[in-house]
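In: Structure here, sequence nowhere to be found:
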């Protein structure tokens, strides 16, 4: 796992990684939370440590995974929250 996914209070089981990749300075993970049956996209800039996480529609998961910034831009009018956070990089 590249970095820790967000965990909701309803999820007691760990998220399952569906896919991961790196592109330039960005790391992407596609995660499935089995208890809540939600799919999450996590993106982190390895240079700055800034990351964002968002829930994605399962039917759009691969599109979001391969084009995360275009996916976020298309959803900008959505009511769903995109959480950006600074993560510490160990090592």
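Out: Nice, thanks for sending it over. Computed from a predicted structure; not experimentally measured.
In: which residue sits closest to residue 60, ignoring its sequence neighbours?
Out: Closest residue in space to residue 60, ignoring its immediate chain neighbours: residue 71 at 7.2 Å, by C-beta to C-beta, 6 or more residues apart in numbering. Every residue, glycine included, has its C-beta placed from N, CA and C.
In: so how far is the helix or strand hosting the one you found from its chain's centroid?
Out: Following DSSP states H and E, one finds residue 71 within helix 68-74. Computed by C-alpha atoms, centre = their mean, to the nearest Å, the separation of helix 68-74 from the middle of its chain amounts to 12 Å.
In: follow-up on the earlier one: shouldn't the residue nearest to residue 60 be in contact with residue 63?
Out: Yes - look at residue 71 against residue 63 with C-beta atoms under 8 Å: they come within range, at 6.3 Å.
In: the more surrounded of those two?
Out: residue 71 (18 against 14; other C-beta atoms under 10 Å).
In: which residues of the protein score low on pLDDT?
Out: 1-11, 76-91 (pLDDT under 70).
In: Let me see the residues that make contact with stretch 25-33.
Out: 1-3, 5, 8, 11, 13, 15-22, 38-47, 56, 61-62, 64-65, 68 (C-beta atoms under 8 Å, 6 or more residues apart in numbering).
In: Alright, I will stop here.
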